[in-house]
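# The following comprises the amino acid sequence and a computationally predicted model.
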Amino acid sequence: MAGGKLTVKTLAAMRKRGEKIVALTAYDYHTARMEQQAGVHVILVGDSFQMAVLGEDTTLGASVDVLIAHCRAVKKGAPDALVVGDMPFGSYQPSDETAVASAVRFIAEAGVDAVKLEGGNNAAVSRVRAIVSAGIPVMGHIGLLPQSIRSEGSYRVVRSDSEEMLLRQTKDLEDAGAFSLVLEMIEEEVADAISRASSIPTIGIGAGRYTHGQILVVNDMLGINRAFNPKFLRKYADLNSVMEEAIGSYVSDVAGGTFPGEENVFKGRGKAR
Ligand code: KIV
């Protein structure tokens, strides 16, 4: 990456200079390598893995062990990007102590640069403060909180009636030491007000044009899931069609006896040629 290793300080400087921060999720080595090569600044190993890769309806079943394994692969593929490990449901909610212990695992076992957790209420702010006090950078996440789906009931856009609360949460998370804030599914005007009021960079998903950066789930923007087409998503590829076509060709080649071909076989009864 031009300019060397990206850190949380780089993000603060980018915000100051008015440069947009490019963030994207990744869950494996090769995707992370391509993302770093393309100039992605922040790579989030999101608990969205549970939905985007495993096909679950929610993120609630994500586990620290699984995410750490994927963080390690992503870190290896993108050593110069800022790699953030997403703390899954249950890994920080019980207490500040649990939160610090889980965050330490992400740093020590996966080598990530920071962790992310959801929420802006008193408990979440306390978890952020505790993890930051342990020397670990934390990205906050407010607006739509996928880990709260059981109490919220559905994935809904957060509207202006929540603006005051979101502004308060932004200030609380900043004071607790968060270095950045994901704003998920928030009306553009509200996300703009939050971004102007905050002293740390905001990174939006479904939060309009005026956040300091943008993030998408990589499988979604590559069009792997034909059925997932929310308004906020732009698909940069149609991998669903590409993969279906390729797999279909393989099936007909094997069925028709044209694969393997001459060029794919080993011959010579073991004699060197
Ligand atoms: O898990 C995830 O991928 C996320 C992003 C949508 C911000 O939290």
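Noted; the coordinates are in hand. Residues are numbered from 1 along each chain as shown.

# Please identify which residue in this protein comes closest to the ligand.
Nearest to the ligand, among the residues of the chain, is Gly46, at 2.3 Å (Cβ to the nearest ligand atom). From N, CA and C alone the C-beta is placed, and that goes for glycine too.

# what's the lowest-mean-pLDDT helix or strand in the chain in contact with?
Every helix and strand in the chain was compared by mean pLDDT, DSSP states H and E; the lowest is helix 149-152, with a mean of 92. Outside helix 149-152, the residues within contact range by Cβ atoms under 8 Å, 6 or more residues apart in numbering are 58-60, 144-145, 155.

# Narrow those residues to just the buried residues.
Among those, those classed as buried by 16 or more other Cβ atoms under 10 Å are 59-60, 144-145.

# okay, those in CSV with pLDDT next?
Converted to CSV, those look like this (pLDDT from 0 to 100):
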residue, pLDDT
Thr59, 97
Leu60, 97
Leu144, 96
Leu145, 96
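
# just checking, next helix/strand downstream of the least confident helix or strand of the chain?
Next along the chain after helix 149-152, taking DSSP states H and E as the criterion, comes helix 163-176.

# So which bits of the stretch 101-250 of the chain are right by the ligand?
Residues of the stretch 101-250 of the chain lying near the ligand by Cβ under 6 Å from any ligand atom: 182, 184, 205, 215, 217.

# Kindly recompute the last result at 8 Å.
116, 118, 141, 146, 182, 184, 203, 205, 215-217 (Cβ under 8 Å from any ligand atom).

# now Phe232, what's its secondary structure?
Following DSSP: H, G, I helix; E, B strand; the rest coil, Phe232 is assigned to coil.

# again with Gly140
Here Gly140 is recorded as strand under three-state DSSP.

# So which residues of the stretch 51-200 of the chain form helices?
Taking DSSP state H, counting those that start in this stretch to define them, one finds helices in the stretch 51-200 of the chain at 64-77, 96-110, 122-133, 149-152, 163-176, 188-197.

# rank the ones you listed by pLDDT, which is bottom?
For the helices of the stretch 51-200 of the chain, mean pLDDT drops lowest on helix 149-152, to a mean of 92.

# For it, what is the distance to the chain centroid?
21 Å (Cα atoms, centre = their mean, to the nearest Å).

# buried ones in that helix?
Using 16+ other Cβ under 10 Å as the burial criterion, the residues of helix 149-152 that qualify are Ile149.

# got the CA coordinates for it in PDB?
Extracted in PDB, the C-alpha atoms of helix 149-152 (Å, rounded to 0.1, in the frame of the first residue of the first chain):
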ATOM      1  CA  ILE A 149     -32.300  -8.000  15.900                       C
ATOM      2  CA  ARG A 150     -34.100 -10.000  18.600                       C
ATOM      3  CA  SER A 151     -35.100  -6.900  20.500                       C
ATOM      4  CA  GLU A 152     -35.600  -4.700  17.300                       C
END
